Every structure is written in structure tokens, then in C-alpha cells.
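Visitor: this one's structure only:
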Ligand SMILES: [Mg+2]
């Protein structure tokens, strides 16, 4: 009778994906396997879950000979790249290796990592990470670390799916029940942020981030300072303390002007100022922190624990923002998060990217006690041609309630990718580049 009740392929597949196979499902699944030609991936998941149900055969036995067989990259709108890693067991993992504006360079770097991966056991993530990082003699930097990051994410996705649990379970389990997210407001040239905040508040957000300035000279005018400060003053006048917001200086502000702007903005009590100066000027972080009470944040342009080591040592930052798709993936960012915790520095992973990158961030957030905020890209000004959930099947798991997102329940990273849609989108990928800005005198400006 139970079998009849469950005789619905979609329900059965849902139960497979959620790791909730029962005896009744098993009986039904057996029928399904032999009469309805299940895909090899589903068959593998089914077998793993039967093993977990009955403990009749060891998981290690089933996966002992598992090997990585193929890496496939898809460059897609708006400016993302997804990576699929295939295994001979039929389990696949998804990652998001990308540097925005250098997708093809990262794609080539991923391909050049293949000799470290093809034929290897995907379970040995730590060893594969070090092979990719140390094996090539030269290491670090945005391109190589982004390639490693996406591969690392896909390997964790595979491991979670093999064991039938979300990645955060393999990392020690949840440290919180829900994660606070924030939303971007305004674009590259911030204007009309009041209307943007009003509309996002109606969608449930109470925490925002906006760009602090447009291009700013190394020594700029009182008019430029006034324009930046007036925008922030308008936000506090309109919303009082009912919202919180961070201000992204985006590396556009020189060290001399950062000192001026931080002092002028202090009365409006922003939650943080991000990249008050570029990471290559990190020696200014402690000096600026000594001149302001505004918490300083940075990290999206730091690529490993070795880059972060220097800023932890020098001090000045209150929040670090490693990007899970740029800083070596889940393996490396868990270590960066733990280092930050030891320095009483909060974690707020950078993520203006796609669904796999966000899922990877959340795995780290949910096991890191010092994680305070998660960036996410719904409605961000960069999302031209595709939105965060366009390539996702299980969109319901990305629901944001009162600004909080719950742990994804599905195994691995918890994202079911609509591969047909990804393949279709990859046939005509955009060549996204950030604009090249110039100052009034014709010299190149930081974007
Ligand atoms: Mg930023």
C-alpha cells in the first residue's frame, strides 16, 4: 500500500535529494531502477542511501574506487562561470571559479589544473588543494586562487552528496540557525538610494550596502566630499536608526581622502566602511582605524590565509570579507575565518556572484561563530541578463525571511543546478568587463 502511495517519480526524486529514503522508498526505488531507467547519478544516490538505511555494506567500499573523470566549465550571464566536476561513480559537483571580468583567464587556469585532478579520488580535498596550490611552484593571486576556489567548492559538493549530508554537517555542524544577509542598493554611481532602500525594505531587508563615492581624485575637492556625505545624511534623515548600512569605498578612495571622508561620515554611524583604501595599501588600515570609530572592512581582494595573515598582524580591520570564489574556496576560507576569530575580527564573506558562490559562503557562515553578515546578489546592478536563481531548480531553499536565510537542507552545497539552462546560456556568454573610468584630466581612475 505504501508503495502505491509513493508511486510518483517526482516525490521519489525529492526524497532521494533530501536524503530521506525509507524502507518503502527502497522497495519503490528498486522497481524504479529496473523498470524506469534511472540515471546513474540517481542510482548512486539511491545505493548510498540504502546503505545508510541498512548498514549492509560500507560506504567506503562503494566509494573506494571513485575517481574524477572530467571538468567542464560554463561561462554564463551575467558575468559568472560554473564548473562541473564529473566522477566515474556518476556523482557530480558544482563550483563557481570566477574573477569578474577575467572569466576566460580563470577558465584556462581551471583547465591547467586538470592534471592534478583527473583520475584522483575526489574525497581527498585537502591533498588535492595542496597539489593545486603548491604543485605549480608559483602560487596565489586572483586567477590561480579563483580557479582553486571553484574546484574546491565542487569537491565539497561531491563529498556532501556521497555522504548524503549538507557540507556544513561535514564541517562540524551548525553554529547558528539562520544567517543575516544584506542587499546592495544603488549602482556604480550611487543616486536615488532612498527609493531603492524603500523598495528593499518592503521585501524584508533592513541592512544594505552602497557605494560611497564615484571616482575620487588622490586629493579631491570639498564639492566631492560634500556629495558623498550628503547622500549618507539623506539616508539617516529618511530612515533614522531603523536600518543599517555599510559604505563601500571600493578602493576608489586614496589614503589621504579616506582620512577626511571617514571623519565626515562618522556622525551617520555606518555599520562599516569597506575597502577604505586598496588592499595593497593595507598598512593604512591600522592608521585609519586609529582615526575613526567606524568599523573598517576589507578582504575581497585578498586571496589566501597568507594575504590575510598580514592584515591580521598589522590590525585595523573589524570585518574581513574573503570571497569564497576568489580565496581558495571552502577549505581556505574556513581557515581564514578561524584566524579572524582568534583576532576578534568578524566575518562577512564577499558575494556579488552566483548561486554556487553564495551556497559556498553559507557553508562557512553556518560553521563560523564570527560570521555576522552575508552579501548576496539578488537585484544587484551587475545582474544584467540573468538573476541569482535563474539557473537554480530548488529556488525555495534560497528564501530570505526578514533578511535571514536558513541552512540549505540538500546534500553537498545544497544547490540543484538546471544544467540544460546553463548549457543553453553558455552558448552565447557575455564578455562582461567593468568600465574603465578616467578622471577629468584624462588619467585612469579606480572603479
Ligand atoms: Mg566591495
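Guide: Thanks, I have the structure now. Because the structure is a prediction, the values reported are computed rather than measured.
Visitor: Look at the residue in the stretch 1-150 of the chain that the ion sits nearest to and say how many residues are nearby.
Guide: Nearest residue of the stretch 1-150 of the chain to the ion: residue 100, at 11.2 Å (C-beta to the ion). The way it works is simple: take the backbone N, C-alpha and C, and place the C-beta from them, glycine included. When neighbours are counted by other C-beta atoms under 10 Å, residue 100 registers 21.
Visitor: Now do it, the pLDDT please.
Guide: With respect to pLDDT, residue 100 scores 96.
Visitor: Next up, the contacts around the residue of the chain found nearest the ion.
Guide: Shortest the chain-to-the ion distance, computed as C-beta to the ion: residue-wise this is residue 248, at 4.5 Å. Going by C-beta atoms under 8 Å, 6 or more residues apart in numbering, residue 248 touches 209-212, 273-275.
Visitor: between these, which is nearest residue 384?
Guide: The nearest member of the contacts of residue 248 to residue 384, counting by C-beta to C-beta, is residue 211 at 17.0 Å.
Visitor: okay, the nearest residue to residue 318 once chain neighbours are set aside: pLDDT?
Guide: Using C-beta to C-beta, 6 or more residues apart in numbering and skipping residues adjacent in sequence, the residue nearest residue 318 is residue 295, 3.5 Å away. Note for residue 295: predicted pLDDT of 98.
Visitor: Count the neighbours of residue 295 for me.
Guide: Quick note: residue 295 (other C-beta under 10 Å) scores 17 neighbours.
Visitor: give me every residue that touches it.
Guide: Residue 295 touches 271-273, 318-319, 346, counting by C-beta under 8 Å, 6+ apart.
Visitor: Just those: which are in strands?
Guide: Applying DSSP state E to these, the entries found in strands are 272-273, 319, 346.
Visitor: just the helices in the stretch 151-300 of the chain please.
Guide: 167-170, 193-202, 222-239, 255-265, 284-291 (DSSP state H, counting those that start in this stretch).
Visitor: For the contacts of residue 248, work out which two are farthest apart.
Guide: 210 and 275 (13.3 Å).
Visitor: which residues in the stretch 1-150 of the chain form helices?
Guide: 2-5, 9-17, 23-35, 40-54, 59-63, 103-112, 114-117, 125-134, 142-163.
Visitor: Comparing those by mean pLDDT, which bottoms out?
Guide: helix 2-5 (a mean of 32).
Visitor: wait, isn't residue 147 in contact with residue 110?
Guide: Yes - here residue 147 reaches residue 110: they are 4.7 Å apart, a contact under C-beta atoms under 8 Å.
Visitor: the more surrounded of those two?
Guide: residue 147 (30 against 24).
Visitor: Disregarding residues adjacent in the polypeptide, which is nearest to that one?
Guide: Per C-beta to C-beta, 6+ apart, closest to residue 147 is residue 109, 3.8 Å.
Visitor: With residue 325 instead?
Guide: residue 357 is the one closest to residue 325 (C-beta to C-beta, 6+ apart), at 4.4 Å.
Visitor: Past the helix or strand that contains the one you found, which element shows up next along the chain?
Guide: Here residue 357, judged by DSSP states H and E, is contained in helix 355-365. The element immediately downstream of helix 355-365 (helix or strand, assigned by DSSP H and E) is strand 374-375.
Visitor: now residue 422: how far from residue 81?
Guide: Computed with C-beta to C-beta, to the nearest Å, the distance linking residue 422 and residue 81 is 10 Å.
Visitor: what residues are shared contacts of those two?
Guide: residue 74.
Visitor: So which of these two has more stuff around it?
Guide: When neighbours are counted by other C-beta under 10 Å, residue 422 and residue 81 differ, and residue 81 comes out ahead with 29 against 18.
Visitor: mind listing what the more buried one touches?
Guide: Contacts of residue 81 by C-beta under 8 Å, 6+ apart are 73-75, 96-98, 103, 106-107, 150.
Visitor: Go through those residues and say which is closest to residue 262.
Guide: Among those, and counting by C-beta to C-beta, the member closest to residue 262 is residue 98, at 31.2 Å.
Visitor: Tell me which residues touch the closest one, please.
Guide: Residue 98 neighbours (C-beta under 8 Å, 6+ apart): 79-81, 106, 146, 150, 325, 353-354, 357.
Visitor: again, 7 Å this time
Guide: Contact partners of residue 98, counting by C-beta atoms under 7 Å, 6 or more residues apart in numbering, are 80-81, 106, 146, 150, 325, 353.
Visitor: Compare those residues and tell me which is most surrounded.
Guide: Neighbour max across the contacts of residue 98 (other C-beta under 10 Å) = residue 325, 35 neighbours.
Visitor: tell me the contacts of that one?
Guide: 96-98, 146, 149-150, 353, 357.
Visitor: Quick check: residues of the stretch 251-400 of the chain near the ion?
Guide: Contacts of the stretch 251-400 of the chain with the ion, taken as C-beta under 5 Å from the ion, map to residue 274.
Visitor: so where's the stretch 251-400 of the chain uncertain?
Guide: Along the stretch 251-400 of the chain, no part satisfies pLDDT under 70.
Visitor: how does this structure divide into domains?
Guide: Using automatic domain parsing, the domain ranges for the chain come out as 2-63, 68-165, 169-412.
Visitor: So which of those domains is nearest residue 434?
Guide: That would be, of those and by C-beta to C-beta, domain 68-165, which comes in at 5.4 Å.
Visitor: Find out how far the closest one is from the centre of the chain, if you would.
Guide: Averaging C-alpha positions (C-alpha atoms, centre = their mean, to the nearest Å) puts domain 68-165 14 Å from its chain's average.
Visitor: got it, and stretch 404-421?
Guide: Using C-alpha atoms, centre = their mean, the offset of stretch 404-421 from its chain centre is 13 Å.
Visitor: for the ion, what are the nearby residues on the stretch 101-250 of the chain?
Guide: Counting by C-beta under 5 Å from the ion, the stretch 101-250 of the chain sits next to the ion at residue 248.
Visitor: try 6 Å this time
Guide: 248, 250 (C-beta under 6 Å from the ion).
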